[in-house]
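# Predicted structure and sequence below. I'll ask about it afterward.
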Amino acid sequence: MTATIGYDDVEVGTELPERLFPLRRADLVRYAGASGDFNPIHWSDRAAAEAGLPGVIAHGMLTMATAARLVTDWIGDPRALLEIGVKFSSPVVVPDDDEGATVSVRGVVEKKLDGNRVVVNLTTRCRGEKVLMASRATVRLP
């Protein structure tokens, strides 16, 4: 989705269609390199088990960035994303196989603000379970 969405094109209740984002172990390694977060719970099954986790988990900030992609792809300009906030509610477990995990993200316009700003509520799930709560993005539209 690269079409530019304008402020007048959306109303409260406008839905952003669901997108599915795959996360595989290789993605976790790439993110660790980019972020500098090499905590072994993000790549070692043994370390994840020792920490009491059900398996290797995606970085929380990677999960948040994945949710943000729904919005930045929808608006067509990542610079228009002014703010994003989430609460982490459940980890994204990424199996060591060819499929990994799939993160599902949906959005709905919650409100329109002055200055061509729009607040979008996001619903982010993995394996049917919400992985982010109170997830909102504010964007400025043309």
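Thanks, I have it.
# Please count neighbours and contacts with C-alpha atoms only from this point.
Fine.
# what's the helix or strand for residue 97?
Residue 97 is located outside every helix and strand, with elements delineated by DSSP states H and E.
# Contacts only, for it.
Neighbour list for residue 97: residue 24 [criterion: Cα atoms under 8 Å, 6 or more residues apart in numbering].
# Can you give me the distance of it to residue 32?
19 Å (Cα to Cα, to the nearest Å).
# cool, residue 98 as well?
Taking Cα to Cα, one finds residue 98 at 19 Å from residue 32.
# More neighbours: which of the two?
residue 32 (19 against 8; other Cα atoms under 10 Å).
# can you tell me which residues contact the more buried one?
Residues in contact with residue 32 (Cα under 8 Å, 6+ apart) are residue 38.
# Quick one: distance of the helix or strand harbouring it to the chain centre.
Using DSSP H and E, residue 32 sits in helix 25-35. Between the centre of helix 25-35 and the centre of its chain there are 15 Å (Cα atoms, centre = their mean, to the nearest Å).
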